[in-house]
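Trainee: coords below, sequence missing:
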């Protein structure tokens, strides 16, 4: 299993992936190997290049739910798919998301707003 | 005063003056003895003439009074007629004026009433719109706050998770993620 695949197995957000890579790099420094730096640099560049899906949530997810969500997304968009979680309490429920600069709001707050406009 | 009355007055005055002149002339021309003899007769003639003149003067005065009274009566009659006529005309004019005035007042009142009703209706309509909008806004805010408060505290985790999966599905359909 290559380094990226190993990292992404237990990382679901870009932040987690970079932290995991950093941890592995620190461990690797204790037993230096050939082309080690180049391998980590390449892996880091690859993770940084991944465009994550930004998920805006009103509160934290139950344990294990992030894994399920990202697992579902990876089934649809590939194994290197990552998310970034941001908390926004006024969304009430549901979530908003943005990907490559496009923002979509699927929250309860936005549904109420649309419902109010229809009144 | 009428012309015959004036002539009569002149005649009476002339007669009196003639008698006085004759009396004076008689005193100057006749001797004292003959005067004594003729005095009672002359006096009687003068007295009768004087009485006659008085009678004529009285008659003239009576006529004057009568004519004056008749003139006054006629003047009063004409004055009354004029007054009556003027009053009638004035009443007619006042009636016309009142009618026009009433008409103008009615027109003004109608205009005023119409304008007032229109303005009131517009104000009511504006007020209703403002109030309905305020109620709508408030209902929205109240419902939103209520839902926010309830859902923020009471929304079950599985419902929140379902909402996230629904959102992801919708994003997929909308081709948000490519």
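Mentor: Nice, I can see it. Remember, predicted model here, so these are calculated numbers, not experimental data.

Trainee: What's the local residue count around the closest residue to residue B:160 other than its chain neighbours?
Mentor: Nearest residue to residue B:160 in three dimensions, chain neighbours excluded: residue A:93, at 5.8 Å (CB to CB, 6 or more residues apart in numbering or on different chains). For the C-beta atoms, the positions are set from N, CA and C on the backbone; glycine is no exception. Other residues near residue A:93 come to 23 when the count uses other CB atoms under 10 Å in any protein chain shown.

Trainee: doesn't residue A:110 make contact with residue A:93?
Mentor: No: at 10.4 Å, residue A:93 does not count as touching residue A:110 under the criterion of CB atoms under 8 Å.

Trainee: excluding its backbone neighbours, what's nearest residue A:18?
Mentor: Once chain neighbours are set aside, the closest to residue A:18 by CB to CB, 6+ apart is residue A:47, at 5.7 Å.

Trainee: Please name the residues that touch the one you found.
Mentor: Going by CB atoms under 8 Å, 6 or more residues apart in numbering or on different chains, residue A:47 touches A:4, A:7, A:14, A:17-18, A:21, A:82.

Trainee: Would you mind listing what in chain B touches chain A?
Mentor: Residues of chain B lying near chain A by CB under 8 Å from any CB of the partner chain: B:136, B:139-140, B:143-144, B:147-148, B:151-152, B:155, B:157, B:159-161, B:163-168, B:170-172, B:174, B:176-178.

Trainee: Just the buried ones among those, please.
Mentor: B:140, B:144, B:147-148, B:151-152, B:155, B:160, B:163-164, B:167-168, B:171, B:176-177 (16 or more other CB atoms under 10 Å in any protein chain shown).

Trainee: Would you map the strands across the chain?
Mentor: No chain specified, so I'll use chain A. Ranges of strands in chain A, per DSSP state E, are A:53-57, A:83-87, A:96-99, A:102-105.

Trainee: Give me the sheet partners of the third one and which way each runs.
Mentor: Right, the one you point to is strand A:96-99. Sheet pairing of strand A:96-99 (DSSP bridges) gives strand A:53-57 (antiparallel), strand A:102-105 (antiparallel).

Trainee: can you put those in CSV and add distance to residue B:15 and mean pLDDT?
Mentor: Converted to CSV, those look like this (distance: least, CB to CB, whole Å; pLDDT from 0 to 100):
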stretch, distance to residue B:15, mean pLDDT
strand A:53-57, 144, 97
strand A:102-105, 139, 96
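
Trainee: out of these, nearest to residue A:65?
Mentor: Ranking the strands paired with strand A:96-99 by proximity to residue A:65 (CB to CB) places strand A:53-57 first, at 10.2 Å.

Trainee: Give me the contact list for the closest one.
Mentor: Residues contacting strand A:53-57 (CB under 8 Å, 6+ apart): A:69, A:73, A:81-88, A:91, A:95-99, A:107, B:164, B:177.

Trainee: Return a PyMOL selection command for the buried portion of those residues.
Mentor: With 16+ other CB under 10 Å as the criterion, this PyMOL line picks the buried residues out of the contacts of strand A:53-57:
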select buried, (chain A and resi 69+73+81+82+83+84+85+88+91+95+96+97+98+99+107) or (chain B and resi 164+177)
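
Trainee: Near residue A:12, how many other residues are there?
Mentor: Residue A:12 - counted by other CB under 10 Å - has 23 other residues nearby.

Trainee: May I have the phi/psi pair for it?
Mentor: Torsion angles at residue A:12 (phi, psi; degrees, to the nearest 10) stand at phi -120, psi -20.

Trainee: so who does the nearest residue to it once chain neighbours are set aside touch?
Mentor: Among residues not flanking residue A:12 along the chain, residue A:70 sits closest, at 3.9 Å (CB to CB, 6+ apart). For residue A:70, the contacting residues are A:12, A:81-83, by CB under 8 Å, 6+ apart.
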